[in-house]
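Participant: quick check, what structure comes out for this input:
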Amino acid sequence: MRIVTRDDIQGISDAASLMQFLREKLGLPIPEGETLEDTGPRFRPRDLGLRGPVADHFLDCQKLQIFPGDTSENPEPWILFLVRFNTNQGYESALRAICPALERNAGGSAPFRFICTDEHLQPFAFAYFNDSAEDDWQNAELTIFSWPQENTTIHVSYEHELPPEFVFEPPVRPDPSPTRESLLAKLPEVGTLLRHHGNIYSGVHTGYRQAFVIEDVSTYERLLNEHPSSADIIKPMVDIPSRKKWRAEPKHLIFIPSSLNTRWPWTDALNDVEAESIFAITYPAVSGYLNGYRDALKERTQQGEFYWEFPSSRRYALLEYPKIIYPYSRGNSMRACYEESDALVLTPAFFIPTTDLSLLAVLNSKLFSWWARSECLSSSGSRLDFKKSIMEVFPVAERTEAQKSALAEYVQSILDEPDSREVPALEEEIDALVYALYRLTAAERALIEEHR
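Facilitator: The predicted structure follows:
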């Protein structure tokens, strides 16, 4: 729909502003830099054989351009004329009078469209014949759109919705079939790098996961039952599920930060033997449990001051906040999770301290998995490696608060009931919203779906 108002018309004051109006308001394909004089021939009254009162009020008529058929409503070529008068009356009789001569001198039988003005390009009117026929211009139905002015009976209004017969609408051409390269190039245009949405950190290093991670509830309960002090150093942790995403898998971790940063009863021990003895007295159940891994723990390249301690790390404090967690490596898709507690995260997982569930939605979307299969494929081609350096440059689409809220609502529904049969449908809704965020065409969406 093209609406032209009186203010639009009053903004025309010279040939240059008229040309700008034709390009911007009517969409006419007039090349930039082309002046009114360049567009086409100009006809004086005598050139058109006008006589009498009509000739007295008529200044000239300029053929602006022949426009190709453009829409289903207007498939045939048409010609636009600029007709200038020295009065604001007589549009109808003058237009009927000049058409026979225009047929002979200005372009044959293509439908005519007229822009009517005075010598200063004001006032202004649009006109066209609904059923023009050669040699029958006096009886053809004529439609004129004009703006309120004195001493005129022409149909007037402060704004007009111009019919498709008048304006130029270029034909809609189908987008070229997208390719992997073209889509990869498009994504950064609608987003900013992931590193601008939150810092990425690797999880805690243990150096020997088997010793510190308590995989089953029975072992956890046994250590607490053997001695209450075990609860002081067994902390909640979360792990990336092997098959699911969204909700992390809860476990427990024997967590003893290094004496370099934390004071323990054995921190000031004179030697390793004394320290180990104090550790065994303070936490007998955990000490006995770790003693089964004693040799392997001593051989770790990364450890604290003593073999049962974790290496020093500034990341421990960051893990106290809500976070998105994702694996370093996975088969063929991302499996990101969310954890709002202070549960610990171990390598080889990464975490992003944030409460933005819409970011989690983007990372778990089909679009991201498609991107990752191009950018994160391992050298062997057998899995996806989500290296920090690569993840940081993933383009995250800009999201309004309303868009964030819509995505977060779907994600929260999944987090509340991760085993629900509704999860696949919720994921489909998330994928649709993510596609919209990145302004993907139907063909681009199909490209992603075909390469799942």
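
Participant: run a quick neighbour tally on residue 405.
Facilitator: 12 (other C-beta atoms under 10 Å). C-beta: built from backbone N, CA, C; applies to glycine.

Participant: okay, now the spatially closest residue to it that is not a sequence neighbour: neighbour count?
Facilitator: Once flanking residues are discounted, residue 405 sits nearest to residue 358: 7.9 Å by C-beta to C-beta, 6 or more residues apart in numbering. By other C-beta under 10 Å, the residues close to residue 358 number 26.

Participant: start and end of stretch 327-337, how far apart?
Facilitator: End-to-end distance for stretch 327-337, by C-alpha to C-alpha, to the nearest Å: 9 Å.

Participant: looking at the protein, which strand is longest?
Facilitator: Counting residues, the longest strand found in the chain (DSSP state E) is strand 58-67.

Participant: helix or strand next in line after that strand, which one?
Facilitator: Under the assignment DSSP states H and E, the closest C-terminal helix or strand after strand 58-67 is strand 78-85.

Participant: mean confidence (pLDDT) on that following strand, please.
Facilitator: Mean per-residue pLDDT for strand 78-85: 85.

Participant: one more: stretch 159-166?
Facilitator: Stretch 159-166 carries an average pLDDT of 66.

Participant: what comes up buried for the helix or strand hosting the residue nearest to residue 405?
Facilitator: Using DSSP H and E, the element containing residue 358 is helix 357-363. By neighbour count on 16 or more other C-beta atoms under 10 Å, the buried set for helix 357-363 is 357-363.

Participant: can you tell me which of those is nearest residue 237?
Facilitator: Ranked by distance to residue 237 (C-beta to C-beta), those are led by residue 360 at 19.1 Å.

Participant: residues in contact with that closest one?
Facilitator: Applying C-beta atoms under 8 Å, 6 or more residues apart in numbering to residue 360 gives the contacts 246, 324, 336-338, 411.

Participant: turn those residues into TSV, columns for distance to residue 277.
Facilitator: Shown next, in TSV, are the contacts of residue 360 (distance: C-beta to C-beta, whole Å):
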residue	distance to residue 277
246	46
324	42
336	44
337	40
338	42
411	50
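
Participant: what strands line up against the longest strand of the chain, and which way round?
Facilitator: If you go by DSSP bridges, strand 58-67 pairs up with strand 42-43 (antiparallel), strand 78-85 (antiparallel).

Participant: can you lay out those as a markdown table showing distance to residue 286?
Facilitator: Rendered in a markdown table, the data for the strands paired with strand 58-67 read as follows (distance: least, C-beta to C-beta, whole Å):
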| stretch | distance to residue 286 |
| --- | --- |
| strand 42-43 | 98 |
| strand 78-85 | 88 |
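
Participant: including mean neighbour count and distance to residue 125, could those go into CSV?
Facilitator: As requested, these are exported to CSV (neighbours: other C-beta atoms under 10 Å; distance: least, C-beta to C-beta, whole Å):
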stretch, mean neighbour count, distance to residue 125
strand 42-43, 18, 19
strand 78-85, 21, 9
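
Participant: residue 8 is nearest to which of those?
Facilitator: The closest approach between residue 8 and any of the strands paired with strand 58-67, judged by C-beta to C-beta, belongs to strand 78-85 at 16.3 Å.

Participant: continuing past that closest one, what's the next helix or strand?
Facilitator: helix 91-105.

Participant: okay, and which of the contacts of residue 360 map to helices?
Facilitator: residue 411 (DSSP state H).

Participant: which of the contacts of residue 360 lies closest to residue 142?
Facilitator: For these, the nearest to residue 142 is residue 411 (61.0 Å; C-beta to C-beta).

Participant: how close does the closest one sit to residue 364?
Facilitator: Distance, residue 411 to residue 364, by C-beta to C-beta, to the nearest Å: 8 Å.

Participant: please apply the same query to residue 332.
Facilitator: From residue 332 to residue 364 the distance is 14 Å (C-beta to C-beta).

Participant: equivalent analysis for residue 196, please.
Facilitator: Residue 196 is 20 Å from residue 364, by C-beta to C-beta.

Participant: quick one: which of those two has more around it?
Facilitator: Neighbour count, other C-beta under 10 Å: between residue 196 and residue 364, residue 364 has more, with 25 against 10.

Participant: so which residues of the stretch 351-452 of the chain form strands?
Facilitator: 384-385, 395-397 (DSSP state E, counting those that start in this stretch).

Participant: distance to residue 328 for the ones you listed - can I get that in CSV?
Facilitator: Converted to CSV, these look like this (distance: least, C-beta to C-beta, whole Å):
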stretch, distance to residue 328
strand 384-385, 7
strand 395-397, 20
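
Participant: quick check, pLDDT for residue 103.
Facilitator: At residue 103, the pLDDT value in this model is 78.

Participant: doesn't residue 7 lie inside a helix?
Facilitator: Yes. Membership of residue 7 in a helix is supported by DSSP: H, G, I helix; E, B strand; the rest coil.

Participant: any idea how far it lies from residue 24?
Facilitator: 14 Å.

Participant: domains in the protein, by residue range?
Facilitator: With domains defined by automatic domain parsing, the chain comprises 3-161, 175-197+356-452, 201-319.

Participant: how about those domains, which one is nearest residue 348?
Facilitator: The minimum distance between residue 348 and these falls on domain 201-319, with 7.3 Å, by C-beta to C-beta.

Participant: picking up where we left off before, would you mind putting the strands of the stretch 351-452 of the chain into TSV with distance to residue 418 and mean pLDDT alongside?
Facilitator: Formatted as TSV, those follow (distance: least, C-beta to C-beta, whole Å; pLDDT from 0 to 100):
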stretch	distance to residue 418	mean pLDDT
strand 384-385	22	88
strand 395-397	24	93
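
Participant: nearest to residue 421, out of those?
Facilitator: strand 384-385 (27.5 Å).

Participant: the stretch 101-250 of the chain: helices as residue ranges?
Facilitator: Along the stretch 101-250 of the chain, the segments classed as helices by DSSP state H, counting those that start in this stretch run 180-186, 209-212, 217-226, 230-233.

Participant: single out the most deeply packed of the ones you listed.
Facilitator: helix 209-212 (a mean of 17; mean count of other C-beta atoms under 10 Å).

Participant: what sits up against that helix?
Facilitator: Under C-beta under 8 Å, 6+ apart, the answer for helix 209-212 is 206, 253-255, 290, 292-293, 296-297, 310, 346.

Participant: among the residues you listed, give me the pair with the biggest separation.
Facilitator: Farthest-apart pair in the contacts of helix 209-212 is 292 and 346; separation 19.7 Å (C-beta to C-beta).
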